[in-house]
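Asker: Sharing a model that was predicted from the sequence below.
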Amino acid sequence: MKLYEQPLKLKTNLISYLIPGGHLIEHFLGEPERAEAPSQMWVASVVWCALKGTRDSRSQVICADGGEFCLAEALEAEPEEYLGDTFSARFGATTGFLLKLLNSRDRLLVQTHPDREKAMKYFGSRFGKTECWYVMDTEPGKRAYIWAGFRKDVTKEQFLELVKRQDTDGILKCLHRFVIKPGDVIFISAGLPHALGAHSLVAEIQEPTDITLRAERFRPDGSELPEESLHSGIGYEGLMDCFCFDCEEETLVRSRIFLRPQSRKTEWGEETILVGKETTSMFGMNRIHCTKSCVRGNRTFSVALVLNGSGWIVGGKEGASRIPLKRGTELFLPHGLKQYEYVPDEELEILECYPPEI
């Protein structure tokens with residue numbers, strides 16, 4: 001049986017980014033707290049981290065014999081088998097999306113990401129960085145926030161002046177602030193100014209780039225980043241061009257970015273569409289809750305992350321592949337795997353992520 005005809009288990013891929021991590025990723029994985037906690041976990045990554053001096057951020061597949069190989073290199077070698085003829089012909093040897101877990105000790109810096117047109121114009125990338133957040137957890141007794149969207153009457157000239165002065169309070173006051181709670185789903189379109197606060201564990205699905213443009217270069221701990229961390233070399237004019245200055249009232253921004261997940265009962269449990277076609281064609285994300293065995297078809301390919309519970313995934317010819325599942329297990333389900341089955345011990349909750357529409 002070929003590797004692309006069976007479920008593939010991925011190695012946990014922890015990343016330390018600009019802001020130190022909290023401990024919610026470690027809690028999720030059931031691991032002890034580290035002195036220097038990771039702030040991100042990249043799932044089924046075929047993307048290189050943009051930070052200089054970091055290790056290879058692409059995911060590794062764990063083989064049955066204990067060996068490992070790079071997922072991205074396997075896709076490059078046999079894109080049609082892993083991704084499908086139609087998808088690989090359009091997108092090449094990429095999954096077309098990236099799933100991350102995020103948990104920072106401090107608020108992230110105010111930032112935005114380019115849309116596809118501006119990503120190509122400034123960075124030569126066919127992908128921008130539209131993203132969506134699913135709030136998995138928050139710290140007990142702590143209030144978690146996000147900042148998103150410019151307040152009404154904020155101008156490009158005013159905001160640029162605040163950025164040049166590095167007026168942190170002034171920059172934050174330009175954005176709306178929202179309380180978030182577990183179960184919330186927030187759509188962050190390319191160009192939208194935003195910042196994720198502390199005290200939350202978020203699953204982020206995004207286009208497969210690591211292009212970030214920032215309004216701030218002083219971290220909450222007071223340390224300073226180089227000026228290039230703001231505009232990535234495209235200058236202040238390019239930086240402002242990538243921010244979307246659709247300045248709206250708070251209620252309008254909330255109604256636009258907070259999605260309304262749709263759930264349906266099934267014979268095996270419940271399926272919830274977190275990010276569906278009506279929101280974007282760039283990626284999709286569902287939450288699967290199995291109380292009984294659940295057989296699923298694999299339309300193109302998909303990525304799965306176990307959120308809760310334990311059990312098995314069975315797939316391949318005559319169910320020859322059988323991988324144990326627990327919280328934090330990551331899976332890549334190749335195009336050659338046409339059908340698979342989740343078999344819960346008691347129950348399973350799984351996040352499934354899907355590629356762009358073709």
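Answerer: Yep, it's here.

Asker: List the contacts of the nearest residue to residue 39 once chain neighbours are set aside.
Answerer: Among residues not flanking residue 39 along the chain, residue 21 sits closest, at 3.5 Å (CB to CB, 6 or more residues apart in numbering). From N, CA and C alone the C-beta is placed, and that goes for glycine too. Counting by CB atoms under 8 Å, 6 or more residues apart in numbering, residue 21 touches 36-40, 103-105.

Asker: how about a cut-off of 7 Å?
Answerer: Taking CB atoms under 7 Å, 6 or more residues apart in numbering, we find residue 21 in contact with 37-39, 103-105.

Asker: Tell me which helix or strand comes right after the longest helix along the chain.
Answerer: Secondary structure of the chain per DSSP state H: the longest helix is helix 156-165. Per DSSP states H and E, the first helix or strand lying C-terminal to helix 156-165 is helix 168-173.

Asker: Only C-alpha atoms, please: export that following helix in CSV.
Answerer: In CSV, the C-alpha atoms belonging to helix 168-173 read as follows (Å, rounded to 0.1, in the frame of the first residue of the first chain):
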residue,chain,number,x,y,z
THR,A,168,1.2,52.2,20.9
ASP,A,169,-1.8,53.6,22.8
GLY,A,170,-2.8,55.7,19.8
ILE,A,171,-2.5,52.7,17.4
LEU,A,172,-4.6,50.5,19.6
LYS,A,173,-7.3,53.2,20.0
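
Asker: I figured residue 68 was touching residue 62, is that so?
Answerer: Yes: applying CB atoms under 7 Å, one finds residue 68 in contact with residue 62, separated by 5.9 Å.

Asker: who touches both of these two?
Answerer: Joint contacts of residue 68 and residue 62 (CB under 7 Å, 6+ apart) are residue 11.

Asker: who's more crowded, those two?
Answerer: Set residue 68 next to residue 62 and count neighbours by other CB atoms under 10 Å: residue 62 wins out with 16 against 12.

Asker: which intervals of the stretch 201-350 of the chain have sub-threshold pLDDT?
Answerer: 318-319 (pLDDT under 70).

Asker: could you redo the last one with a cut-off of 90?
Answerer: 220-222, 299, 316-321, 346 (pLDDT under 90).

Asker: just the helices in it please.
Answerer: 228-231, 235-242, 250-257 (DSSP state H, counting those that start in this stretch).

Asker: between the ones you listed, which one is nearest to residue 323?
Answerer: Nearest to residue 323, of all the helices of the stretch 201-350 of the chain, is helix 250-257, at 35.7 Å by CB to CB.

Asker: what's the closest one in contact with?
Answerer: Counting by CB under 7 Å, 6+ apart, 148-149, 176, 178, 186-188 sit against helix 250-257.

Asker: List the buried residues in it.
Answerer: 253, 257 (16 or more other CB atoms under 10 Å).

Asker: how far away is the nearest residue in space to residue 115 that is not next to it in sequence from residue 119?
Answerer: Leaving aside its sequence neighbours, residue 115 sits nearest to residue 190 (CB to CB, 6+ apart; 3.8 Å). For residue 190, the distance to residue 119 (CB to CB, to the nearest Å) stands at 8 Å.

Asker: Now do the shared contacts for those two.
Answerer: By CB under 7 Å, 6+ apart, the residues touching both residue 190 and residue 119 are residue 128.

Asker: out of the contacts of helix 250-257, what pair is the most spread apart?
Answerer: 176 and 187 (14.4 Å).

Asker: The two - which one has more neighbours?
Answerer: residue 176 (21 against 17).

Asker: Pretty sure the more buried one sits in a strand.
Answerer: Yes: counting by DSSP: H, G, I helix; E, B strand; the rest coil, residue 176 is part of a strand.

Asker: For residue 155, see how far away it is.
Answerer: Applying CB to CB to residue 176 and residue 155 gives a distance of 16 Å.

Asker: Run a quick neighbour tally on the residue lying closest to residue 44 once chain neighbours are set aside.
Answerer: Nearest residue to residue 44, sequence neighbours excluded (CB to CB, 6+ apart): residue 303, at 4.2 Å. Neighbours of residue 303 under the rule other CB under 10 Å: 27.

Asker: Also the one 4 residues further on?
Answerer: The local packing of residue 307 (other CB under 10 Å) involves 20 other residues.
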